[in-house]
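Peer 1: coords please:
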Amino acid sequence: MDKFTLETAPQYERHYNEDSFWKKVTREASQVGAKVLYPALQLYFLLQSKEVPVKAKTFIIGALGYLILPTDLIPDFIPAMGFTDDLTAIFLTLRTVSKHLTPEINRQAKEQTDKLLNKKNG
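Peer 2: Now for the predicted structure:
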């Protein structure tokens, strides 16, 4: 299996990095809610999986890179509309890579979503 690094997808490196992703989702969690967080975190945990091929990870990096871009098609600060384009990119990517989703990835995404939204598990 190919080892994945950002060097395998250098065109996305300046848009996506783990620090920027976590800063964005932590900062925007309460504004975007679970409808954006959960699928974004599914992609994040797919990206971490050794079972996901490099080609799928390239799509994931593109979608997550778009999420954290400070400027995109619809600026994120616009109420009710700002994350529509981000969500579209996330859902299209999820549909493309969905065969790689596992119950464990879904569990990790759910737990992290709940944690970011300060929900109690149970």
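
Peer 1: Where does pLDDT dip in the chain?
Peer 2: Low-confidence regions of the chain, defined here as pLDDT under 70, cover residues 1-15, 70-84, 119-122.

Peer 1: The protein: strands as residue ranges?
Peer 2: Along the chain, counting by DSSP state E, no stretch forms strands.

Peer 1: need the helices for it, in chain order.
Peer 2: In the chain, the segments counted as helices under DSSP state H are 18-32, 34-48, 54-68, 84-97, 103-116.

Peer 1: would a markdown table of these with mean neighbour count be doable?
Peer 2: (Each C-beta comes from the backbone N, C-alpha and C, glycine too.) Conversion of the helices of the chain to a markdown table gives the following (neighbours: other C-beta atoms under 10 Å):
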| stretch | mean neighbour count |
| --- | --- |
| helix 18-32 | 15 |
| helix 34-48 | 21 |
| helix 54-68 | 21 |
| helix 84-97 | 17 |
| helix 103-116 | 16 |
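
Peer 1: okay, how far is it across stretch 43-61, tip to tip?
Peer 2: Its start and end residues considered, stretch 43-61 measures 9 Å (C-alpha to C-alpha, to the nearest Å).

Peer 1: how far is that stretch from where the chain is centred?
Peer 2: Offset of stretch 43-61 from its chain centre (C-alpha atoms, centre = their mean, to the nearest Å): 10 Å.

Peer 1: How much space separates Leu43 from Leu94?
Peer 2: Leu43 is 7 Å from Leu94, where distance means C-beta to C-beta, to the nearest Å.
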